[in-house]
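Q: predicted structure and sequence below. I'll ask about it afterward.
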Amino acid sequence: MSEQGHSRPVTRITIVGGGTAGWMAAAAISKVLRGLPGLTIRLVESEAIGTVGVGEATIPQIVGFNQLLGIDEAEFVRETHATYKLGIEFVDWTRLGHRYVHPFGTYGIDMLGIEFHHFWLRGLALGETAGLDDYSIGAVAARAGRYFPPQPGQPNSPLARLAYAFQFDAGRYGAYLRRLAEAQGVVRIEGRVVQVHQHPETGFVTAVQMENGDMVDGELFIDCSGFRSLLLGEALGVPFIDWSKWLPCDRAVAMPCSSAGPDQPITRSTARPAGWQWRIPLQHRIGNGHVYASAFLDDDAALDLLLANLDGRPLADPNRIRFTGGHRARLWDRNVVALGLAGGFLEPLESTAIHLVQAGIARLMAYFPSLDFTPKEIDRFNVETAREYLDIRDFLVLHYKATTRDDSEFWNYCRTLEPPDGLREKLEMFRSSGRVIREHNELFTETSWLSVMAGQGIVAGGWHPAAEILDEGELKRRLGHVRQVIAQAVGQMPTQEQFLREQGSA
Ligand code: FAD
């Protein structure tokens, strides 16, 4: 114990796994804790085992992660062959032939201190026909294939309310982070971990043993070993909380294809008879995958459906992945913290997995341990992490529950499932009064909940009474003005290809 009554901070960190999670952790922790006397970060990975090889679409929080790492955006986009992402387009989710965008950023602009969508809802009742997408600069720009960075310094421009993320090559992203981490002193150890050694009384992990017999010890172990969860799951036996009742998709088959030319800055998710297909356009290729429920579709049929719906020539053999939606009951147990797939997995419908790694790293930094590993902090870490997974789960379930599709057994199952309590409450509130609940600082904002609820055809039973303050003519004039300002701003944006070239990223 030191004079302050705390033991010294942990300084010897071992990361097991070098996928996206492992290298994100290595790059961020070596940056944040640089200068901590005695800091040693080692990362163990096995090239023979490899990485999951998918995970290419992100959400806007990644921009903050890049800033933390001091990354130059133009260089980052060039090195990872990235494109910009302004949201996700959902096709055939509400019903066949229907499409809507879940954009980043906000809709319109608040009026009279009230959220914009209440005025839009009243406008609909008065015969307005424009959909929510027309009031989002992200959605309009994405459909027009245009991109320009947000302009927070111009509060009167809709560009002030644009938000963006990236779509990138997962392999290149890992390699890029590895270069950063190694330049910051992280030591990489190649090889397969064959055994995990634990203290006989406490169960704390003391070392991992490599195939060649070498021991890699540490004070804190970060389990980034992927679905196998080598330390947290296998060695410490922390159970998995299974959410497949609400999220029945349990398999994916991924396959990149050649690009068809200039593309929109958006990820697309197209509903299929027993799941959905992602389309992630990068600079040099398109990432594709079919996520499906094995109880409703066999593997061969899933691959056939994917192959029948590619926009270009296949560029690799199919990558088949099995998973279960859910997470480990505690992502921090004793001296092991799991990040990425080792901690849990929620299907990539809203591109949240890389964010969950980022959030886990931020939380680990907030509660960074001293050698006595105080249970209070560990408990807090676990409570916050479980809450975050739960919130995202409910948002994903919304996409399946709010559908009118009855053309397959899978959609009948999804449409009629009992929603979790939190989601039920949100649905009831929106149905009765058009209000969107966001009780705490959950990841998805009112805009996100609104876009999917309204996009998937849930009818709001009312709107905020203050939306009645404007008379009909004034309300319609203002709605028209918002659409016009957005259309004009988008008209002045360059295409994404022009922007990438001008920025030196293409
Ligand atoms: P992995 O990539 O599996 O890495 C595990 C590492 O551990 C590897 O380096 C491996 O070699 C090492 N390892 C394992 N066992 C051993 C051992 N015994 N010895 C030594 N090393 C070992 N996320 C998004 O944010 N957006 C998306 O669009 C998205 N799409 C996805 C689609 C699918 C179908 C799936 C399954 C996931 C998707 N994800 C997405 C999630 C994303 O891919 C992962 O969150 C991310 O890649 C992190 O993976 P990881 O590093 O935890 O695991």
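A: That came through fine.

Q: OK, contacts around the residue in the stretch 151-300 of the chain that the ligand sits nearest to?
A: Going by Cβ to the nearest ligand atom, the ligand is nearest to residue 226 of the stretch 151-300 of the chain, at 2.7 Å. Glycine gets a C-beta too; all of them are placed from N, C-alpha and C. Applying Cβ atoms under 8 Å, 6 or more residues apart in numbering, we find residue 226 in contact with 17, 19, 51, 52, 340, 341, 342.

Q: so the fourth one sits against residue 341, correct?
A: Yes - in terms of Cβ atoms under 8 Å, residue 52 counts as a neighbour of residue 341; the distance is 6.5 Å.

Q: what touches both of those two?
A: 19, 226, 227.

Q: give me the more crowded residue out of residue 52 and residue 341.
A: Using other Cβ atoms under 10 Å as the criterion, residue 52 and residue 341 rank with residue 341 on top: 26 against 20.

Q: distance between the ends of stretch 457-470?
A: One end of stretch 457-470 to the other measures 26 Å (Cα to Cα, to the nearest Å).

Q: the top helix by length along the chain and the ligand, are they touching?
A: Identified as the longest helix of the chain according to DSSP state H is helix 375-401. No - judged by Cβ under 6 Å from any ligand atom, helix 375-401 and the ligand are separated, with a smallest distance of 11.3 Å.

Q: which SSE is immediately downstream of that helix?
A: helix 409-416 (DSSP states H and E).

Q: quick one on the thing from earlier: and of the shared contacts of residue 52 and residue 341, the nearest to residue 360?
A: residue 19 (13.7 Å; Cβ to Cβ).

Q: burial check on the closest residue to that closest one other than its chain neighbours, number of neighbours?
A: Nearest residue to residue 19, sequence neighbours excluded (Cβ to Cβ, 6 or more residues apart in numbering): residue 51, at 3.9 Å. Residues near residue 51, counting by other Cβ under 10 Å, number 23.

Q: likewise the one 5 residues further on?
A: Residue 56: 31 surrounding residues under other Cβ under 10 Å.

Q: test my guess that it contacts residue 172.
A: No - using Cβ under 8 Å, residue 56 is not in contact with residue 172, being 9.8 Å away.

Q: what about the nearest residue to residue 401 once chain neighbours are set aside, how many neighbours?
A: Distance criterion Cβ to Cβ, 6+ apart; nearest residue to residue 401, sequence neighbours excluded, is residue 419 at 5.3 Å. When neighbours are counted by other Cβ under 10 Å, residue 419 registers 18.

Q: my guess is residue 419 meets residue 427, correct?
A: Yes - Residue 419 is within contact range of residue 427, at 6.7 Å (criterion: Cβ under 8 Å).

Q: what's the overlap in contacts for those two?
A: With Cβ under 8 Å, 6+ apart as the test, residue 419 and residue 427 both reach 398, 401.

Q: contact partners for residue 248?
A: Residue 248 touches 293, 295, 296, 410, 413, 414, counting by Cβ under 8 Å, 6+ apart.

Q: and the fourth one, what is it in contact with?
A: The reference is to residue 410. 248, 273, 274, 275, 293, 296, 297.

Q: can you pull the pLDDT of it?
A: Note on residue 410: pLDDT of 98.

Q: from the ligand, how far off is it?
A: The spacing between residue 410 and the ligand, counted by Cβ to the nearest ligand atom, to the nearest Å, is 17 Å.

Q: residue ranges of the helices in the stretch 101-250 of the chain, please?
A: 116-125, 137-143, 170-183 (DSSP state H, counting those that start in this stretch).

Q: which helices and strands does the longest one pack with?
A: What it means is helix 170-183. Counting contacts by 3 or more Cβ pairs under 8 Å, 6 or more residues apart in numbering; DSSP states H and E, helix 170-183 packs against helix 20-32, helix 73-79.

Q: buried residues, it. List them.
A: Across helix 170-183, burial judged by 16 or more other Cβ atoms under 10 Å covers 170, 172, 173, 174, 176, 177, 178, 180, 181, 182.

Q: can you put these in TSV and add pLDDT and distance to residue 153?
A: Shown next, in TSV, are the buried residues of helix 170-183 (pLDDT from 0 to 100; distance: Cβ to Cβ, whole Å):
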residue	pLDDT	distance to residue 153
170	95	33
172	97	32
173	97	30
174	96	34
176	98	29
177	98	30
178	98	35
180	98	29
181	98	33
182	98	36
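
Q: so which of those is the closest to residue 214?
A: Of the buried residues of helix 170-183, the one sitting nearest to residue 214 (Cβ to Cβ) turns out to be residue 182, at 19.3 Å.

Q: ok, the residue lying closest to the closest one once chain neighbours are set aside - contacts?
A: Closest residue in space to residue 182, ignoring its immediate chain neighbours: residue 188 at 6.6 Å, by Cβ to Cβ, 6+ apart. Residues in contact with residue 188 (Cβ under 8 Å, 6+ apart) are 18, 42, 43, 44, 45, 178, 182.

Q: against residue 184, how distant is the third one?
A: This means residue 43. From residue 43 across to residue 184, the span is 12 Å (Cβ to Cβ, to the nearest Å).

Q: what's the answer for the fourth one, then?
A: Distance, residue 44 to residue 184, using Cβ to Cβ: 17 Å.

Q: more neighbours, the two?
A: Per other Cβ under 10 Å, whichever of residue 44 and residue 184 has more neighbours is residue 44, with 26 against 17.

Q: the more buried one reaches residue 212, doesn't it?
A: No - contact criterion Cβ under 8 Å: residue 44 and residue 212 do not qualify, at 11.9 Å.

Q: could you pull out the residues contacting both of these two?
A: residue 191.

Q: which helix or strand contains the residue in the stretch 51-200 of the chain that the ligand sits nearest to?
A: Here the stretch 51-200 of the chain gets closest to the ligand at one residue, residue 55, 2.4 Å apart by Cβ to the nearest ligand atom. Residue 55 is located outside every helix and strand, with elements delineated by DSSP H and E.

Q: quick one: residues contacting the closest residue to residue 434 other than its chain neighbours.
A: Excluding the flanking residues, the one nearest residue 434 by Cβ to Cβ, 6+ apart is residue 460, at 3.6 Å. Residue 460 makes contact with 121, 430, 431, 433, 434, 454, according to Cβ under 8 Å, 6+ apart.

Q: narrow those to those in helices?
A: 121, 430, 431, 433, 454.

Q: what's the local residue count around the residue nearest to the second one when sequence neighbours are not counted?
A: Same thing as residue 430. Spatial nearest neighbour of residue 430, excluding adjacent residues (Cβ to Cβ, 6+ apart): residue 453 at 5.2 Å. Residue 453 has 22 neighbouring residues, counting by other Cβ under 10 Å.

Q: quick one: pLDDT of residue 453?
A: At residue 453, pLDDT is 98.

Q: do residue 112 as well
A: Listed pLDDT for residue 112 reads 89.

Q: of the ones in helices among the contacts of residue 460, buried ones?
A: The neighbour count (16+ other Cβ under 10 Å) marks 121, 430, 433, 454 as buried among the ones in helices among the contacts of residue 460.
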